[in-house]
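Q: Task: produce atomic coordinates for the following.
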Amino acid sequence: MPLRLALAALIAGLCACAVGPDFKRPAAPTAAGYGSAPMQGATVAAEGAGDAQRFVADLDIPAQWWTLFESPQLNYLVETALKSNPNVGAAQAALRQAHEWSAAQWTGFFPTVSGSFDATRAKNAIGTIANPTNLPQANPYYNLYTAQLNISYMPDVFGGTRRALEMARAQEGGLRFALEATYLSLTSNVVVTAIQEASLRGQIAATERMLTLQGELTGKVRAQRVLGTASDLDVLAQESAEAQIAQTLPPLQKQLGQSRDALTALLGRLPSDEPTQTFRLEDLTLPIQIPVSVPSKLIEQRPDVRQAEEDMHVASAAVGVATANLLPQFAINADVGSSALALGQLFSPYTGFWAVGASLTQTLFDAGALLHKRRAADAALDQAALQYRAAVILACQNVADSLRALESDAQALKASAAAERAAKATFELAQRQRELGTLTLVAVLNAEQAYLQAQLAKVQAQANRYADTAALFQALGGGWWNRTEEPRFERSSPAGE
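A: Predicted coordinates:
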């Protein structure tokens, strides 16, 4: 009978209603684009300075989007980071924890069954009217053995348990998207850091060539000063120009060293375990076909937006839990067992006992604590809804900014390439005039320095184009939905490079 009663209560609890709001996914944005930012079909080209990039609507993003840069070294470092970065391991552990909490919450739908066995050795008070065993005996000592099974169950009449399970599952879903955001952030940081390293190496090379030319130019001016064809002012001016170029080199070298440190840290390593791979812009390929997703599709792709949606789901379920706590709480308890004076007599006739009971508890006065908790849950739901809206706005802003950046980068690279071509033509003309004896060596060196400065500007413009392309892939969500295998964190880094 106790088991039947508990089963009936379980069925009744599962069939009861669940108080609180039923969560509904927010409506998707209806905007067709990102304002005046370039959209599908648009082409951004740096004429005479690299391939044109074309924005393609509904072009799917590969899960390993970084492979579009066609760099085996970059691919290796990204895969290493996914296996070795401790933030990945921490996010995966947090997801496992949330899954176990969700599984634990599910057990609330079932009765709790506990068993106990008690053995007691006691002595009767012989001088009393009756002894506890109700049996005449000369020996006041006796043993009492009790085996008991207890069943307790709280029917989910108003759906508080269901809302708590819903909340736990939504929390697990939020951490799933937090893990995806960790993957996306890590891979993007590795790619951008590698591009930054390539840019800095190009800038350092150009700066060192300029510094070499400035040194030669300074030597020529000093020689002219000895011959009387140049003044002290000319020497000082040239030395100042050389010093100005020289002072730009240490900051670039510092940035390069810090980029290498950042890349090493992204791999989950200490600075002493720096990777052997190095990067230069000429080793990277600029992706040509660039995907563009409309806002309604973007919110499905962005892990941070999906996480904000799950946070909103958690807040919605929490309102249901707080509402259920305002209502009566039901409980059913049943005990069944056997008690005997001898161990061998347990479960024999006339030793069994059972009890079944039910209770209803309603808070009558708590100074408004439960009511205030319900109002706090309502406010938290409002907060989560607004935070979701903010996440959607930020996602669309990120895409719009990246699209505008790529358009601007193409124009900047076009201008830098034109300046480089003009400086190169000037330098080549100066060389020919020098061969004819119509131009001084100092003028040739000045022309070459201008050419190298134009090369430096072009390197920076090229790097910006690569970095902003990676930023667009990150802004679009990175293609996690196409992944077929989950990256697995390894506590020790791979030995081989």
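Q: can we go C-alpha only for contacts and neighbour counts from here?
A: Fine.
Q: mind checking how far stretch 401-412 is from the chain centre?
A: Taking C-alpha atoms, centre = their mean, to the nearest Å, one finds the center of stretch 401-412 at 26 Å from the center of the full chain.
Q: who's in contact with it?
A: Outside stretch 401-412, the residues that touch it by C-alpha atoms under 8 Å, 6 or more residues apart in numbering are 37-39, 44-46, 461-462, 464-465, 468-469, 471-472, 475.
Q: least confident pick among these?
A: Ranked by pLDDT, the contacts of stretch 401-412 bottom out at Ala46, which scores 63.
Q: what sits against the closest residue to Val113 other than its chain neighbours?
A: Nearest residue to Val113 in three dimensions, chain neighbours excluded: Ile151, at 4.6 Å (C-alpha to C-alpha, 6 or more residues apart in numbering). Ile151 makes contacts with Ala6, Pro111, Thr112, Val113, Ser114, Asn333, Ala334, Asp335, as judged by C-alpha under 8 Å, 6+ apart.
Q: same question, Ala28
A: Residues in contact with Ala28, defined by C-alpha under 8 Å, 6+ apart, are Pro295, Ser296, Ile299.
Q: how does it look with 10 Å?
A: With contacts defined as C-alpha atoms under 10 Å, 6 or more residues apart in numbering, the neighbours of Ala28 are Pro295, Ser296, Lys297, Leu298, Ile299, Glu300, Val392.
Q: Quick check: the gap between Arg483 and Leu429.
A: Here the criterion is C-alpha to C-alpha, to the nearest Å. By it, Arg483 lies 55 Å from Leu429.
Q: One more: Asp118?
A: The gap separating Asp118 from Leu429 is 106 Å, by C-alpha to C-alpha.
Q: quick one: which of the two has more around it?
A: Summary of the neighbour comparison: Asp118 and Leu429, criterion other C-alpha atoms under 10 Å, with Leu429 having more neighbours (15 against 10).
Q: re the thing from before, which SS class is the residue nearest to Val113?
A: When the structure is reduced to helix, strand and coil (DSSP: H, G, I helix; E, B strand; the rest coil), Ile151 reads as strand.
Q: please renumber so the chain begins at 650
A: New numbering, starting at 650: the last item is Ile800.
Q: any idea how far it is from Ala983?
A: Between Ile800 and Ala983 the computed distance is 5 Å (C-alpha to C-alpha).
Q: Repeat that for Arg858.
A: Taken as C-alpha to C-alpha, the spacing of Arg858 relative to Ala983 amounts to 89 Å.
Q: Check Pro687 too.
A: As judged by C-alpha to C-alpha, Pro687 and Ala983 stand 70 Å apart.
Q: Check Leu862 too.
A: For Leu862, the distance to Ala983 equals 94 Å [C-alpha to C-alpha].
Q: what do you get for Met803?
A: Taking C-alpha to C-alpha as the criterion, Met803 is separated from Ala983 by 12 Å.
Q: Dihedrals phi and psi, Thr769?
A: Its backbone dihedrals place Thr769 at phi -130, psi 130, with angles given as degrees, to the nearest 10.
Q: Assess the claim that it and Ala796 are in contact.
A: No - with contact taken as C-alpha atoms under 10 Å, Thr769 and Ala796 are classed as non-touching, separated by 11.8 Å.
Q: Comparing those two, which residue is more hemmed in?
A: Neighbours were tallied for Thr769 and for Ala796 using other C-alpha under 10 Å; the higher tally belongs to Ala796 (18 against 10).
Q: Tell me the buried residues in the helix or strand where that one lies?
A: Taking DSSP states H and E as the criterion, the element that holds Ala796 is strand 790-802. Of all the residues in strand 790-802, those buried under the rule 16 or more other C-alpha atoms under 10 Å are Tyr794, Thr795, Ala796, Gln797, Asn799, Ile800, Ser801, Tyr802.
Q: of those residues, closest to Ala1034?
A: Each of these was checked against Ala1034 using C-alpha to C-alpha; the closest is Tyr802, at 35.2 Å.
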